[in-house]
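Q: Fold the following and give me the result.
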Amino acid sequence: MSESPAFDFPQDLRDAQIALHETRAAYEKYATTLPWSAEPMPGWESDKQLHSNYQSGKPDSPGYSEEQAAEVAEFQARLLELSMTVSTHPYWSTLDGDVVAARMALKHAHEPAAK
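A: From the prediction side, this is the model:
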């Protein structure tokens with residue numbers, strides 16, 4: 001397996017990418033505590049699946065509270081801001097080579113180097 005090229009990412013870009021990872025993880029964790037629908041919706045049950053006892057369904061959803069909706073909007077705004085910071089950073093215009101490889105490397109730049 002060939003080694004990917006090393007990139008000298010500026011610290012502010014690295015910090016923005018780490019913040020993006022952390023914010024996405026926090027949002028996904030928060031989302032698991034939310035009702036399945038943002039708006040109040042009745043629950044449902046499907047028919048039993050063929051050759052299985054599995055029957056999918058959802059309970060009634062009360063929808064998001066005002067506080068939950070505000071928290072989701074905050075997360076989404078922060079994720080958009082961080083995504084734009086990372087994707088429009090001036091560093092990308094300094095590269096002559098494969099920008100896609102550099103962007104992929106940035107996503108893993110925070111991980112410890114493999115030995």
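
Q: hey, let's count contacts and neighbours off CA atoms from now on
A: Will do.

Q: From the centre of the protein, give me the residue that's furthest out.
A: In the chain, counting by Cα atoms, centre = their mean, residue 51 sits farthest out from the average C-alpha position, at 35.8 Å.

Q: any idea how far that one lies from residue 84?
A: The gap separating residue 51 from residue 84 is 48 Å, by Cα to Cα, to the nearest Å.

Q: Name the nearest residue to the residue nearest to the spatial centre of the chain, ignoring sequence neighbours.
A: Residue closest to the mean C-alpha point of the chain, counted by Cα atoms, centre = their mean, is residue 24 at 4.0 Å. Closest residue to residue 24 apart from its sequence neighbours, by Cα to Cα, 6 or more residues apart in numbering: residue 79 at 6.9 Å.

Q: Please settle this for me: is that neighbour part of a helix?
A: Yes: Residue 79 forms part of a helix when assessed by DSSP: H, G, I helix; E, B strand; the rest coil.

Q: Now for it, how many residues are close by?
A: Neighbour count for residue 79, taken as other Cα atoms under 10 Å: 19.

Q: Provide a list of residues in contact with it.
A: 20, 23-24 (Cα atoms under 8 Å, 6 or more residues apart in numbering).

Q: again, but for residue 64
A: Here residue 64 is in contact with 34-35, 37-40 (Cα under 8 Å, 6+ apart).

Q: Next: residue 38.
A: 63-64, 69.

Q: need the strands for this protein, in chain order.
A: 44-45, 57-58 (DSSP state E).

Q: Can you list the neighbours in contact with the first one?
A: Taking contacts as Cα under 8 Å, 6+ apart, the residues outside strand 44-45 that touch it are 55-60.

Q: Most neighbours among those, which one is it?
A: residue 60 (14 neighbours).

Q: Was I right to think it contacts residue 43?
A: Yes: counting by Cα atoms under 8 Å, residue 60 touches residue 43, with 3.9 Å between them.
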